[in-house]
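Enquirer: sequence and predicted structure, then a few things I'm wondering about:
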Amino acid sequence: MPWTEAGRYGLEIAKPGELDAFWHANDREWRSELWNFRVVWHEQTHDIAIKDGPEVAGALHVRIAASLAHIEALYVVPAARGAGLGRALIGRCEEVANYYNCHKVSVEVFAEHPAQAFFERCGYKAEAILAQHTFKLDVAVLRKFLL
């Protein structure tokens with residue numbers, strides 16, 4: 001479709017969640033076109049929590065797809081830091097990733113930030129530095145091979 005024909009379509013910013021059904025219906029097709037082979041893409045997410053009684057002291061959100069795990073978020077409340085909760089969350093994440101036959105866990109953090117040093121102490125290695133990637137800051141892509 002030439003750009004000149006695009007005028008007959010309604011171009012808009014979608015509301016949060018409005019396109020969930022579209023992405024769900026077309027997920028396999030767009031991934032197959034992107035990778036140039038028929039993708040069987042069993043993507044899933046897991047939330048892992050560590051609690052102090054009834055209160056959540058920390059949590060980790062991981063996405064698993066195509067034998068890869070990607071930590072999307074890790075947070076430990078300030079009052080609970082330094083007690084090994086972050087390491088425990090990462091350890092449990094790696095166990096879940098192993099269960100799903102992931103060969104690698106990756107995470108993106110700001111380069112030269114304390115988070116990078118933390119993940120490196122947990123056995124993660126820098127795979128790439130993306131210059132001015134997010135908020136015009138350098139991002140370190142870290143990974144840990146599991147197998």
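Expert: Now that the structure is in, tell me what you want to look at.

Enquirer: where along this protein do the strands fall?
Expert: 44-52, 55-65, 68-76, 104-110, 125-134, 137-145 (DSSP state E).

Enquirer: can you check what pLDDT the model gives the closest residue to Asp47 other than its chain neighbours?
Expert: Once flanking residues are discounted, Asp47 sits nearest to His61: 5.4 Å by Cβ to Cβ, 6 or more residues apart in numbering. From N, CA and C alone the C-beta is placed, and that goes for glycine too. At His61, the model reports a pLDDT of 97.

Enquirer: now Arg31
Expert: Looking at Arg31, the pLDDT reads 78.

Enquirer: how far away is it from Ala66?
Expert: 9 Å (Cβ to Cβ, to the nearest Å).

Enquirer: who has more neighbours out of the two?
Expert: Neighbour count, other Cβ atoms under 10 Å: between Arg31 and Ala66, Arg31 has more, with 17 against 12.

Enquirer: report the contact partners of the residue most central in space within the chain.
Expert: The chain has Glu72 as the residue nearest its centroid, 3.2 Å off, counting by Cα atoms, centre = their mean. Taking Cβ atoms under 8 Å, 6 or more residues apart in numbering as the criterion, Glu72 is in contact with Thr45, His61, Val62, Arg63.

Enquirer: between the residues you listed, identify the one with the most neighbours.
Expert: Result: Val62 is most packed of the contacts of Glu72 (other Cβ under 10 Å), 25 neighbours.

Enquirer: residue contacts, it?
Expert: If you count contacts by Cβ under 8 Å, 6+ apart, then Val62 has Thr45, His46, Ile48, Ala69, His70, Ile71, Glu72, Cys93, Val96, Ala97, Val105 around it.
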